[in-house]
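**Student:** Predicted coordinates and the sequence they were generated for:
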Amino acid sequence: MIIIHGENTTNSRQKLVEVIDDKKSKNQEIIRLEAKQLTEANLEEALGANDLFGTSKRIIIEELHSLPVSKKKKNLIELISKPQIHDIVLWEKRSLTKTMLGKISNESNQSSFIDFEFKISKTLFTWLDSLGTPGNNQKKLQLLHSTIETDGEFFCFLMLVRQMRMLIEVKSGGVVKGAPFMIVKLNKQASNFSLHELLDVYKELLEIDIKQKTSTSLIDTVAMLDLLSLKM
């Protein structure tokens with residue numbers, strides 16, 4: 001069994017694609033299942049399915065651990081935890097705890113249990129927190145590039161969009177959900193901007209996103225992030 005998990009969903013998705021492509025290149029059948037639509041009967045059918053030649057399949061299950069606590073969720077996890085004739089890959093948009101991983105690895109064949117966790121680096125949050133604060137711009141760019149190396153340029157872009165949304169929410173008097181220390185940091189950071197400045201940056205991010213998707217940008221994502229960081 002392979003488990004791919006962690007908050008850095010860009011890198012974890014990339015890993016999932018690699019795992020799928022590897023099996024496709026070997027002509028192994030891929031079965032993709034979404035946990036939200038999955039039933040015990042559907043899962044049992046997929047796990048037990050076999051062709052005349054006994055060819056193994058690779059079964060991809062997405063966001064199983066994101067399901068609400070229920071008897072159904074417990075039973076689905078118990079089903080995949082048993083030794084199987086087919087390969088199972090779990091993709092989760094969150095990091096699984098040692099307890100969650102243990103429930104699966106203790107029952108399944110531990111020798112074939114592979115765990116890929118994609119965390120968000122502390123450097124990324126340091127870079128986001130530095131935006132708008134006084135300081136050496138060169139050092140901030142170095143921080144950004146270190147973040148891109150560990151988290152990837154696309155994920156950095158997504159997290160910048162998220163940060164701008166929260167800052168705009170705070171600046172406009174809205175309520176942002178999160179830990180108290182995070183709210184304090186957001187309020188302090190938002191004080192370095194006017195609402196108009198934040199909206200301008202958000203508009204630029206939207207334009208960058210459109211250019212990326214339509215392949216009409218004259219510069220790459222890294223250069224765009226550099227320019228935005230300097231502007232802020």
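**Tutor:** Received it, and whenever you're ready, just let me know what you need. This structure is a prediction, so every number in the text was calculated from the model and none was measured. Numbering: from 1, shown residues only.
**Student:** distance of L206 from L230?
**Tutor:** Noted for L206: a distance of 19 Å to L230, by Cβ to Cβ, to the nearest Å. For the C-beta atoms, the positions are set from N, CA and C on the backbone; glycine is no exception.
**Student:** before we move on, what about L143?
**Tutor:** 13 Å.
**Student:** which one of these two has more residues nearby?
**Tutor:** Higher neighbour count among L143 and L230: L143, with 19 against 12, using other Cβ atoms under 10 Å.
**Student:** Chain neighbours aside, what residue packs nearest to the more buried one?
**Tutor:** Nearest non-adjacent residue to L143, counting by Cβ to Cβ, 6 or more residues apart in numbering: W127, 4.8 Å away.
**Student:** and the one you found, that's in a helix?
**Tutor:** Yes. Secondary structure of W127 (DSSP: H, G, I helix; E, B strand; the rest coil): part of a helix.
**Student:** Looking at it now. What's its pLDDT?
**Tutor:** On pLDDT, W127 comes in at 91.
**Student:** repeat for the one 4 residues further on
**Tutor:** L131 is assigned 88 on the pLDDT scale.
**Student:** Who are the contact partners of it?
**Tutor:** Each residue near L131 by Cβ atoms under 8 Å, 6 or more residues apart in numbering is listed here: 140, 163, 189, 229, 232.
**Student:** pLDDT-wise, what's the bottom of those?
**Tutor:** M232 (77).
**Student:** Next, the buried residues of the helix or strand that contains L141.
**Tutor:** Counting by DSSP states H and E, the element that carries L141 is helix 137-151. For helix 137-151, burial by neighbour count (16 or more other Cβ atoms under 10 Å) applies to 140, 143-145, 147-148, 150-151.
**Student:** need the contacts of L131 in CSV with secondary structure and distance to K36, can you?
**Tutor:** Below are those laid out as CSV (DSSP: H, G, I helix; E, B strand; the rest coil; distance: Cβ to Cβ, whole Å):
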residue, secondary structure, distance to K36
K140, helix, 41
Q163, helix, 28
Q189, helix, 35
S229, helix, 38
M232, coil, 38
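**Student:** Format these as CSV; extra columns: distance to V19.
**Tutor:** Formatted as CSV, the contacts of L131 follow (distance: Cβ to Cβ, whole Å):
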residue, distance to V19
K140, 36
Q163, 30
Q189, 38
S229, 34
M232, 37
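**Student:** any idea which of those residues is closest to I20?
**Tutor:** Q163 (31.2 Å; Cβ to Cβ).
**Student:** Pretty sure the closest one sits against S130.
**Tutor:** No. Contact between Q163 and S130 fails when scored by Cβ atoms under 8 Å: they sit 11.0 Å apart.
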